[in-house]
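Undergrad: missing the sequence, but the structure's below:
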DNA sequence: AGGTATTGCGCAATGA
DNA sequence: CTCATTGCGCAATACC
């Protein structure tokens, strides 16, 4: 596969000339491998996370849609009779505030 | 930095003895670099995506909470008077169905 | 000071 | 055949 033997030709620093150099390289190679496995796992998890979030999101959007629908129905029903002076007690309620722009946006 | 010069000197196959081998290697090195840049960008984007989704999620959760609150308020208000036989027209509405367990959860 | 962890890079095999 | 992707080792260097 790979023609190992870069033949580092020791040249200078680090007093190790050959054998514990190898030991050191081997240990680093292990570390590299380990680190890369970890990295891949992290990526995997991130992908999973994205999918989780996407589906949670979908569920929540449906819920909002449903709730909004219900709320609008109720408001209409309410207003239809409120304008009719149905019950004096309803006068206590500030309908404008309630139904005008109840929630934001 | 790296004492390149592995000078594959090999002998075997691939009719290229030395010069277009280098060309080939250089091209591949370019391709590798490009591919890795792309990979890193993709990772970056994924991170961004996760954050986007997380905040969208938070917003949606708040919205659901708010809508639920409003809805409950309206239902109570409604029921308080419905039991009072406020308006004959309300008789058309099946209040059990409306307020019983309208939505899930 | 001495180790592991991370990262950029080149090589070679393999995939399109 | 050319380019893209991937596992791997090396060396630098970040991190403790």
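TA: It's in. If you're wondering where the values come from, they're calculated on a predicted model, not measured in any experiment.
Undergrad: for the rest of this, base every contact and every neighbour count on C-alpha atoms.
TA: OK.
Undergrad: so where's chain A uncertain?
TA: Low-confidence segments of chain A (pLDDT under 70): A:1-16, A:82-105.
Undergrad: which residues in it form helices?
TA: Ranges of helices in chain A, per DSSP state H, are A:19-82, A:95-99.
Undergrad: ok, which of those helices comes nearest residue B:49?
TA: helix A:19-82 (7.4 Å; C-alpha to C-alpha).
Undergrad: please see if that closest one touches DNA strand C.
TA: Yes. Residues of helix A:19-82 contacting DNA strand C under C-alpha under 7 Å from any atom of the strand: A:24, A:27, A:28, A:30, A:31, A:32, A:34, A:35, A:36, A:38.
Undergrad: restrict those to those near DNA strand D?
TA: A:28, A:30, A:32.
Undergrad: could you report the neighbour count for the second one?
TA: Using other C-alpha atoms under 10 Å in any protein chain shown, residue A:30 is surrounded by 12 other residues.
Undergrad: about what we covered before: among the ones next to DNA strand D among the residues of helix A:19-82 next to DNA strand C, which one sits closest to residue B:78?
TA: The closest of those, once distances to residue B:78 are taken by C-alpha to C-alpha, is residue A:32, at 66.8 Å.
Undergrad: quick check: the residue nearest to residue A:68 when sequence neighbours are not counted vs residue A:60, distance?
TA: Closest residue to residue A:68 in three dimensions, ignoring its sequence neighbours and counting by C-alpha to C-alpha, 6 or more residues apart in numbering or on different chains: residue B:67, at 7.0 Å. Residue B:67 sits at a distance of 12 Å from residue A:60 (criterion: C-alpha to C-alpha, to the nearest Å).
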